[in-house]
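**Q** Sequence first, predicted model second:
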Amino acid sequence: IGGLLAELSRRRAGGGGCFVRMGPRSPKDAPTILAQPWGLPEGRLRAALAGVGLPRPGPGGEDAHEMLRLFQTACYRLLRVTSADEAIALLVSSSRVMEDICHTLDHGEAGWDMSVVARTWDSDIVLEREFRTFVVGGEITAISQYDDQLRYDFIVEHREEIVRAILRAVSHLRPCLQRLGLASPQTALVVDFAVVPAGVQGEGEAALTARLIELNPFGPMTGAALFTWTDDRRRLQGGEDIFGDLADHELRHPPSSGGPAAEWVGEQTVEGVPFRYLTANAPGFTWDHLEAFWPDYLQLLRSAPQK
């Protein structure tokens, strides 16, 4: 661990903080809970909650969706690490990371192929700007906003620009996919992008650009966001019988008529690509969900001294 700490410290040169992850997945679940002795200390969580201006919860208080929005903002900020110790604390207190390590060790230490990845922190990458993209044979078959609970003005107001930014990104990425053998007709993957402001634009240049976040395996082991692997498989697979079972699957699960089943989910086709987004917050999310998934955040808010 000493060598790893030194390497992470070296990569953090510049002082802006960094984002760390293991090869398969990030430790994004770690900041949702207090974990001692290595994990998130109470002081950091209290400071993060104060930083997003969270109100004190109570009867008739904040809407559950708005509280979730603020919780997620605080959680994302806690993924920024400014020391090697903080980086290690996130990794070792993450259930996602531990699951991946255990899965890898199931194949024996001789086959260990996991890496710790560190990159410079980018404050433009936030949840409302993340999108899940389904790619088959090097071509996009569908795009969805990543967050399946909250509506975002940015997404609703920039639907076409978002899709076009991702189309441009995949076009630039395609030669790399070809070199990796990931663009053949029967090859599919799920790609996550962040769509962010492009910075200073010249005349005729796009205002948004898509940045690659990660590549994921194609199939039910990877979430489908606002699509479903049960009803939308043909669309997600671009009509290709990737797994050799599409006909049997559709006998058991007749495909959807083409649009989203939920009335709060919108769909727009841009340059032939179906794009799904939330037109309203998902109505199924309640305070009971906050109690179940964010208990430490709620407990700290309730115990905070009244101003």
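**A** On my side now, so go ahead.

**Q** continuing past the helix or strand bottoming out on mean pLDDT in the chain, what's the next helix or strand?
**A** In the chain, no helix or strand scores lower on mean pLDDT, DSSP states H and E than helix 2-11, which sits at a mean of 63. Next helix or strand after helix 2-11 toward the C-terminus (DSSP states H and E): strand 18-22.

**Q** Just list what that following strand packs against, helices and strands only.
**A** helix 2-11, helix 84-92, helix 95-105, strand 116-120 (3 or more Cβ pairs under 8 Å, 6 or more residues apart in numbering; DSSP states H and E). C-betas here are computed from N, CA, C, even on glycine.

**Q** hmm, try it at 7 Å
**A** helix 84-92, strand 116-120 (3 or more Cβ pairs under 7 Å, 6 or more residues apart in numbering; DSSP states H and E).

**Q** just how off-centre is it within its chain?
**A** With Cα atoms, centre = their mean, to the nearest Å as the basis, strand 18-22 stands 14 Å off its chain's centre.

**Q** what angle sits between that strand and strand 116-120?
**A** 160 degrees (axes from the mean of the first three to the mean of the last three Cα atoms, to 10 degrees).

**Q** on that earlier part again, dump the helices and strands packed on strand 18-22 to TSV, plus mean pLDDT, distance to A50 and mean neighbour count.
**A** As requested, these are exported to TSV (pLDDT from 0 to 100; distance: least, Cβ to Cβ, whole Å; neighbours: other Cβ atoms under 10 Å):
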stretch	mean pLDDT	distance to A50	mean neighbour count
helix 84-92	86	18	21
strand 116-120	83	26	14
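
**Q** Quick one, which of these gets closest to L150.
**A** Closest to L150 of the helices and strands packed on strand 18-22 is helix 84-92 (Cβ to Cβ; 23.5 Å).

**Q** Packing partners of that closest one?
**A** helix 2-11, strand 18-22.

**Q** now the angle from that helix to strand 116-120?
**A** Using the same axes, to 10 degrees: helix 84-92 against strand 116-120 is 130 degrees.
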